[in-house]
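Trainee: Pasted the sequence and its predicted model underneath.
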Amino acid sequence: MKPMKVLFLSADTGGGHRASAESLANQFLIHFPDSTYDIIDVWNDAEIWPYKNFQQSYKHFSAHPEQWRILYHVTNSAPVGNMVLWHSATAGKKLVLDRISRHDPDVIVSVHPTMQYTPLLCCRELSKRKGKYIPFFTVVTDLASAHAWWFDKGVDKIYLASKAIYKLAITRGQIPREKIVMSGLPIRSDFAVQATKLGDRNSADGRSYQKETKSALGIDPFKPMVLLMGGGEGVGGLSSIANELYIALTLDGVVSTLCVVCGRNEKLRRDLKTRNWERIVQDAVDDELMNRKHKIDLASILKHTKKAPSSGMNNVNDEKKEDEKNDTVGDMRYGNDNHNDDKNSSSNTVKVIGLGYVENMAEYMVAAHVLVSKAGPGTIAEAAALGLPILLTSFLPGQEAGNVDFVLDHGFGDFVEDPMEIGQTIADWLRDNGSSSSSSNNSSTTSLLETMSRKAMAAGRPNAAGEIVLDIGQTTQKFLSK
């Protein structure tokens with residue numbers, strides 16, 4: 001097959017678009033050797049308002065969700081949305097055509113909604129100028145909600161991740177059904193690799209591989225791990241959520257590791273390392289306004305008083321659970337603690353590890369028992385690919401709203417906004433998981449986490465990127481051979 005020059009159109013408005021472009025680019029290099037690619041933002045540094053400010057504007061609006069909600073829904077309406085598209089073509093066609101033509105592409109793949117209408121017009125004009133057909137493909141990187149700008153019936157094919165977006169493509173975009181490919185969301189190739197190695201995380205082999213991965217990451221292999229993340233900038237109320245997770249896990253006696261992905265928020269990472277966790281728990285107990293249900297001897301926890309494990313831990317759906325919590329803290333099981341270099345090492349109940357910008361996220365998701373995160377589409381798709389249950393804590397109005405429904409409808413997670421409830425939900429899940437594990441002699445006992453994990457695997461598409469690239473590449477080869 002002929003090598004191809006592939007041009008990806010993307011923008012750094014959030015990390016998901018570029019991550020999808022890079023995952024697709026890597027698959028082109030695997031399946032079509034000697035091919036080359038470029039990833040460009042056709043609007044970046046353009047002296048055309050408002051397009052020149054896309055990245056800065058996105059950062060502002062993502063930090064002000066209600067403002068984003070208004071902007072999203074106004075531009076998603078047909079009158080305003082079509083007017084903006086007309087303006088982008090009128091004011092920017094010459095610029096966009098020049099930027100695309102510099103790369104002399106054999107195929108164009110767009111992974112961003114603002115890189116559809118005008119770039120497609122330019123692609124068709126460039127095809128006429130060069131006397132060769134340049135196919136244009138759209139890979140929608142939203143999971144279950146999508147802006148109308150994603151859909152242009154002039155594309156050669158469009159790749160979608162869910163039935164919800166399929167309906168939008170048909171109704172809003174008027175996309176012919178023969179151009180629609182249900183592919184799943186393209187995720188980074190290391191997730192496909194890890195998905196193969198892990199297999200079913202609930203199987204004996206899966207648990208063994210998870211322990212190996214934990215050990216390689218320097219995490220106690222015998223303790224359940226909660227992975228908390230909020231995006232590359234380390235935002236999303238991580239600090240308060242981390243506090244409430246620590247409090248709930250400690251008061252419930254859930255011996256565990258809490259890994260907090262701080263991203264580029266180095267200040268938060270340093271603070272987590274030196275935070276006085278015992279004081280945080282003590283303050284929570286002392287503050288009756290917190291309405292905690294636990295009545296405990298806190299000193300017994302802080303002094304690491306080991307209790308004999310109980311064989312009668314409750315399933316999360318047990319109606320007696322709430323009453324019993326009022327009288328006791330869950331029994332503790334202790335493992336080895338490999339991190340003894342910070343203040344929170346004095347407690348043997350919950351170990352907090354602050355992480356910076358994580359490159360090997362697939363390995364951390366393998367090591368995790370549950371993920372706590374905002375409702376980013378790429379994060380959800382990656383978790384599903386590895387059978388990882390997820391608790392969603394926030395979403396950006398508009399394109400991320402449907403992601404919450406995707407997780408709930410597929411049954412591999414929940415949505416909770418209040419930090420205190422987030423902490424208690426995770427504690428409940430892990431207590432239930434420990435109860436089922438301790439009753440492993442009963443084959444009918446299945447924990448909620450195990451059930452959600454299997455549903456996540458059913459929803460996951462770890463090889464979506466490769467499948468998309470094979471289809472795009474084979475279609476492009478037909479045009480190159482003419």
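Mentor: Noted; the coordinates are in hand. Note that the structure is a prediction, hence the values are computed from the model and not measured. Numbering: from 1, shown residues only.
Trainee: which residues sit against the helix or strand where Ile380 lies?
Mentor: Assigned by DSSP states H and E, Ile380 belongs to helix 377-385. The contact list for helix 377-385 (Cβ atoms under 8 Å, 6 or more residues apart in numbering) reads 15-16, 19-20, 141-144, 161, 184-185, 187-188, 191-192, 195, 229, 361-362, 365, 371, 373, 389-390, 392, 399-400, 403, 406-407, 410, 412, 456-457, 459-462, 464. For every residue, glycine as well, the C-beta is placed using N, CA and C.
Trainee: Glu156 - nearest residue in space that isn't next to it in sequence?
Mentor: One correction, residue 156 is Asp, not Glu. Pro135 (4.4 Å; Cβ to Cβ, 6 or more residues apart in numbering).
Trainee: Next: Ala458.
Mentor: Nearest one to Ala458, counting by Cβ to Cβ, 6+ apart, is His410 at 7.3 Å.
Trainee: What part of the protein, helix or strand, is modelled with the least confidence?
Mentor: helix 321-325 (a mean of 41; mean pLDDT, DSSP states H and E).
Trainee: Counting by contacts, list what the helix or strand just after that helix packs against.
Mentor: Downstream of helix 321-325, the next assigned helix or strand under DSSP H and E is strand 350-355. Identification of packing neighbours for strand 350-355 by 3 or more Cβ pairs under 8 Å, 6 or more residues apart in numbering; DSSP states H and E yields helix 238-251, strand 256-261, helix 266-274.
Trainee: Paired strands for strand 350-355, with orientation please.
Mentor: Paired neighbours of strand 350-355 in the sheet (DSSP bridges): strand 256-261 (parallel).
Trainee: So which residues make contact with the strand it pairs with?
Mentor: 219-220, 223-230, 234, 238, 242, 245-246, 249, 268-269, 272, 349-355, 358, 361, 364, 367-368, 430.
Trainee: For this structure, which segments count as strands?
Mentor: Assigned by DSSP state E, the strands in the chain fall at 5-9, 36-40, 107-110, 136-139, 157-160, 180-182, 225-229, 256-261, 350-355, 370-373, 390-392, 413-415.
Trainee: before we move on, back to that, show me the contacts of helix 377-385 that map onto helices.
Mentor: In helices, judged by DSSP state H, the following of those are found: 16, 19-20, 191-192, 195, 361-362, 365, 403, 406-407, 410, 456-457, 459, 464.
Trainee: Beta-bridge partners for Leu258, please?
Mentor: Here Leu258, judged by DSSP bridges, has bridge partners Val226, Val352.
Trainee: What about it, how many residues nearby?
Mentor: As a burial measure, Leu258 scores 25 neighbours (other Cβ atoms under 10 Å).
Trainee: what's the distance between it and Asp152?
Mentor: Per Cβ to Cβ, to the nearest Å, Leu258 is found 44 Å from Asp152.
Trainee: Show me where the stretch 151-300 of the chain dips below the pLDDT cut-off.
Mentor: 231-236, 288-300 (pLDDT under 70).
Trainee: And the residue nearest the centre of this structure?
Mentor: Taking Cα atoms, centre = their mean, the centroid of the chain lies closest to Thr379, which sits 0.9 Å from it.
Trainee: Could you measure from that residue over to His87?
Mentor: Taking Cβ to Cβ, one finds Thr379 at 33 Å from His87.
Trainee: now swap in Gly230 and tell me
Mentor: Gly230 is 34 Å from His87, by Cβ to Cβ.
Trainee: Show me which of these two is the more surrounded one.
Mentor: Using other Cβ under 10 Å as the criterion, Gly230 and His87 rank with Gly230 on top: 25 against 15.
Trainee: so where's the longest helix in this protein?
Mentor: In the chain, with assignment by DSSP H, the single longest helix is helix 78-101.
Trainee: Give the rounded mean pLDDT of that one.
Mentor: The predicted model gives helix 78-101 an average pLDDT of 92.
Trainee: contact partners of that helix?
Mentor: Identification of contacts with helix 78-101 by Cβ under 8 Å, 6+ apart yields 7, 40, 42-43, 46, 48, 51, 74-75, 108, 114, 117-119, 121-123, 125-126, 129, 148-149.
Trainee: Apply 7 Å and report the result again.
Mentor: Here helix 78-101 makes contact (Cβ atoms under 7 Å, 6 or more residues apart in numbering) with 7, 40, 42, 46, 48, 51, 74-75, 117-119, 121-123, 125-126, 148-149.
Trainee: Please apply the same query to stretch 27-34.
Mentor: Met1, Pro3, Met4, Val6, Ser35, Tyr37, Ser189, Ala465, Gly466, Val469, Leu470, Gly473.
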